[in-house]
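**Student:** How does the following fold in three dimensions:
(chains A and B)
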Amino acid sequence: MSIERTLNLIHNEFEMIEPMPEVLDIEEYTEEDFLETCAGCSESLIAFKRRAYDEYRTLKFPAWKRASLDSFSLKRPVPGVEYELTGPEIYKSISEMDQSEESLIRKLDFQGSDRKFTLLADSFSKTGIIVRTKENTYYGETLFCKTSSESAIASNLIVIEENSKLDIIFYSRGSDLSVITNRFLIKKGAQLNVLFVNLSSAKSHSIFNNYYVLGEKANLRLYDINLGGTVLAPYHLIKTAGRGASARIKPIFFPTNNEKIDMLYLGRVDAPESTTEIEGIGAVSGNSKAVFRGFVDIKKGAKNSSGTEHSSTIILSDKATVQAIPGLFVDENEVNASHAASAGTIENDKIYYLMTRGLTMNEALKLIVNGAFEPVLQEIEEIFGNEIPGGVRDVLSKRIG
Amino acid sequence: MRKNINVDESKFNFKSNTDYAFKSSPGLNEKIIREISEYKSEPSWMLEKRLEALRAFHNIPEPNFGVDRSQLNINEIIPYIRPNAAKEASWDEVPEEIKNTFERLGIPEAERKSLAGVGAQYDSEVVYQHIREDLEKLGVIFLDMETAVKKYPELVKKYFMRLVPASDHKYAALHGAIWSGGSFVYVPENIRVPLPLQAYFRMNLAGMGQFEHTLIIADKGSELHFIEGCSAPRYNVHNLHAGMVEIYVMEGAKVRYSTIQNWSKNTFNLNTKRAIVEAEGTMEWVSGSLGSMKTMLYPATILNGRGAKANHLAVTYAGAGQMMDTGSKVIHLAPGTSSTVDARSISVGGGWAFYRGLLYISEKAKNSKASVECSALMLDNFSKSDTVPIIDVRTNQSDIGHEARIGRISEDQIYYLMTRGLTEAEAKAMIVRGFMEPISRELPIEYAVELNRLINLEIEKSIG
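**Tutor:** Next up is the predicted model:
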C-alpha cells in the first residue's frame, strides 16, 4: 500500500533530486520494549504495530538541518500517552482496534515530517484513541483530549462520518517527549473543527505528524497554537480529496528563549472546486527560531480550485531567527494559487503613537503583538469557548516580556 | 485562419562544419588538464589552480538537490575543443565558417549598432575580441580570460575564483579544473562605459562541454553594462555548459549583467553566477533563460558594504522537454542594504519551471529592505510550475516581503484577441510578451527583439 508522500517532485519524464537528510545515531528502544507495548492490544493493533515496527527498524533518526535534533533522545521506559478525555463518549482506546479500523488506518498512511517519527508513534503506541462520530449527527459539546504525562507516544484515528460535525481539542502540556501521529478522515459533507494547543516545557521534544483526508464537500477548520520547546515540530498534511472540499488552517506560534519551532502546513488540493487557505501568524523573541513552511500543492485535475498561503512574523529580538519557506506547487492550470510571506519588526511610529497616548513602551508592544494574534484567538473562542484563548493570551503576554 | 508567426529557428539551430586545431579526449583527468594548460601556454600557478580544482571535483559529492543529472556522464563530455582559428581583433580575419556562424546570429551587426565591444567564443576558445579605442585609452580592459591571465596576472590572481572557490560545489570544481575562454573586464575608477560590452558563446560540436569564465571588476564609482548571449545547435547526445561569472562591484560602482540563454535542448546548463557589492554599489541581473534541456542557475548577490543594492529581474521559459530550475540568491551582510527580486516564469508544452530562491538577512544587516516577487504563467494543462523561496531573517531591524502567484491565461483574454484577428498562438504570444515586458524593457532593443522572437517561436511550436 503506497503512502502519502510530502512532496512528489516528478513531472512527465523529469524528476527532482530529493535531498537525503543527515542521520543521527540514537539509542533505540529494543524488541522487548516493543513487545511490552503490545501487551493487552487487540490482534489487529498488534498486526498494524508489527508492520510499522518492521519498517521503523530500517530507518535512522534525521538530524534536521533547520531545527537540529542533536539533543534528542528516547525516554525510558517506553511510555504510553494517557489522555484525560471529556465530552461526547465517541471514543475508545486504540488497543481495541478492530480489523476494519486497522485497514482504514493503513489506507491513511503517510510520510510525515520524517517517516521515522510517524512509524515510531505507530510502532510504540498503546493508549492512543479511536474517535468515530455517528452519521448525520451534530455534537454540540467539544471532545477535549488532554495529556500531561512525562512522555507521550501515541497514534490516533479520528473518523468524522458523513454529514456529522465535531469540535475537538488536543491539549498537551509539559511532556519531555511527545511523538504523536494523528489520522483524520472527514467524510462527505462532514465538518471538523480541531484545535491543537502545544504548551510544551522548555526541555521538550515534540513531534506531531497529522494527516487529514477530506471527502466531497467536507470542511476542516484547523487551529494550531505552538508555544515552543527545545524542538517543536508540528506537521499537518491536509488533502482535499473530494469535490468541493474546503480547509482553513490558522497556526499561531511564539517561541522565546532558546526554543525552536519547525512547522510544516501542506495543503494538497486534489479534487475540483476545492479550496485551501493557510494563514500563519507568529512572533519570535530571545534566541529563538521559527521555521514556517506553508506549502500549497495543487494536483492535476483539481480544476477551478484555489490555494492560498500567507505567513507573517514579528521579530522582537535581535537574536531571534525567522525562516519562512512558502512553497507553491502547481500542475493544473485552471486554478488560482498564491502565497506571500513577511517578516519584520514593529514600526517605531506605531509604538510612538501608542506611547503618546500614555502607554509605556512595553504596554505598547504587548498591545501590538497581542493585536496580531487576537483575530485567530477570537475565532477559537467562537468555536471552542473562552477557556483556551484566555490561557493562551496570558502565556503570550508573558512571552512578550 | 492561422498566420505564421515570423520566426526563424534556423537562426540558432544550424550546424557548421568546422576544422578543429585540437580536440581533447572525453572525460576529465590530470593528463587532459595538463594538455590544455600546455596548449594555452599558461603560467604554472594557473595549472596548479586547475589541479587543485580537479582534486576538489573528485572529493565533492554531487549537489543533493535540483534536476536529475543521472543522464549526464562527465566521462563522455569533451572538455576542450580549439577551433582552427587564432584570436582576432579584426572581424575580417576570423575564419569564414566561424564568421558565417556569428553573422547568422547577428553578432557583428549588433556590435556595429549599439555595443562598446564584443567577445565571441566558438566552442572552447574566444575567436574574436574587440573594444572601442576610446574606452581602451580610458583604461577599460576587455580581454579574453587566457590573455588576461598572461597580461594581468596580479589582477587575475587576486580575483579569479575567489568569489566562487572550487570548493563551493562540484560544478564549480569542474569549472575550475577545465575552464576555457570567457572574458576579463576591468573598469577603472569613475569610468562609465557608455554602451554595453557583449560576449557571445556558441557551442557547435556534439557532446562537448563549454566552461567559459567571466571575471568583471568594476572599480570605485564606475559603471558597466555587460551582455551575454549563447546558443548551440541540437544534437542527440548531451552537451554541458558549466560556465562561471564572478563580478566585483566596488564602492559606488554599478554593474548590470544581462543574459539571454538559449542553449539547445540537449544541453545541461549548470552555470554559476555570483557578484559581491561594496558600499553604495549596485548590482543588477537581467536574465532570460529559454534554452537547454535542464538548467540549474541561481544568480547570487552578496551585499557586503553599507547601502549596497541588488536588483534581480529574471524570466524563465520552460517549454516542451525542458526542466528549468532557476532562482535568485541575495545575501545581505551589511546595514542599510536593499534588494528586489522579480522572477517570472512561463511553462508550456509539458515543461517544468521551478523557482528556488534564497533571501538571507544577517545579524549585521540592520535597516535593510528586501522584496521578492515570483509570478508564473501556465499556458496549458500539461505543464508544471513550482516556487520554493527561502526567507531567512536574523535581525529585528529589517523589512522583508515575499509574494508569489501562479495563474493561467484566461480564455476570455484569448477570445478577445482572436476576435481582433489574431490566431490563438499570436494571442498567447502577445499575452506572454506583456507578462515579460518588465524584463524585456530592461534589455537593449536587439536583445528584447531576440527574446520576443524566441518566445514566439516556442509558443508556435508548443501549440502546433
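**Student:** Quick check: neighbours of the helix or strand containing residue B:386 in the sheet, parallel or antiparallel?
**Tutor:** Using DSSP states H and E, residue B:386 sits within strand B:384-393. With DSSP bridges as the criterion, the sheet partners recorded for strand B:384-393 are strand A:321-330 (antiparallel), strand B:352-361 (parallel).
**Student:** Listing request: residues of chain B with sub-threshold pLDDT.
**Tutor:** For chain B, the stretches with pLDDT under 70 are B:1-20, B:85-89, B:105, B:462-464.
**Student:** okay but residue B:176 is in contact with residue B:48, surely?
**Tutor:** No: counting by C-beta atoms under 8 Å, residue B:176 stays clear of residue B:48, with 11.2 Å between them. Quick note: C-beta positions are derived from backbone N, CA and C, even for glycine.
**Student:** Show me how the record splits chain B into domains.
**Tutor:** Structural domains annotated on chain B: B:12-297, B:412-463, as defined by the TED database.
**Student:** Please indicate which of those has the most neighbours on average?
**Tutor:** domain B:12-297 (a mean of 20; mean count of other C-beta atoms under 10 Å in any protein chain shown).
**Student:** Could you see whether chain A lies near it?
**Tutor:** Yes: counting by C-beta under 8 Å from any C-beta of the partner chain, chain A is contacted by domain B:12-297 at B:63-69, B:294.
**Student:** what packs against the top helix by length along chain A?
**Tutor:** Secondary structure of chain A per DSSP state H: the longest helix is helix A:361-384. If you count contacts as 3 or more C-beta pairs under 8 Å, 6 or more residues apart in numbering or on different chains; DSSP states H and E, helix A:361-384 packs onto strand A:165-173, strand A:191-199, strand A:219-226, strand A:246-253, strand A:275-284, strand A:305-315, helix A:348-356, helix A:387-400.
**Student:** Chain B: which of the ones you listed is closest?
**Tutor:** Counting by C-beta to the nearest C-beta, chain B lies closest to strand A:305-315 out of those; the figure is 4.0 Å.
**Student:** Partner strands of that closest one, with direction?
**Tutor:** In the sheet, strand A:305-315 lines up with strand A:275-284 (parallel), strand A:335-344 (parallel) (DSSP bridges).
**Student:** The residues of domain B:12-297 next to chain A in strands, which ones?
**Tutor:** Of those, the ones assigned to strands by DSSP state E are residue B:294.
**Student:** I'd like the strands paired with strand B:384-393 as JSON lines, with distance to residue A:146 and mean neighbour count appended.
**Tutor:** Below are the strands paired with strand B:384-393 laid out as JSON lines (distance: least, C-beta to C-beta, whole Å; neighbours: other C-beta atoms under 10 Å in any protein chain shown):
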{"stretch": "strand A:321-330", "distance to residue A:146": "31", "mean neighbour count": "24"}
{"stretch": "strand B:352-361", "distance to residue A:146": "40", "mean neighbour count": "25"}
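**Student:** From the opening residue of stretch A:184-191 to its closing one, how far?
**Tutor:** 11 Å (C-alpha to C-alpha, to the nearest Å).
**Student:** Likewise for stretch A:126-143?
**Tutor:** Note: stretch A:126-143 ends 20 Å apart using C-alpha to C-alpha.
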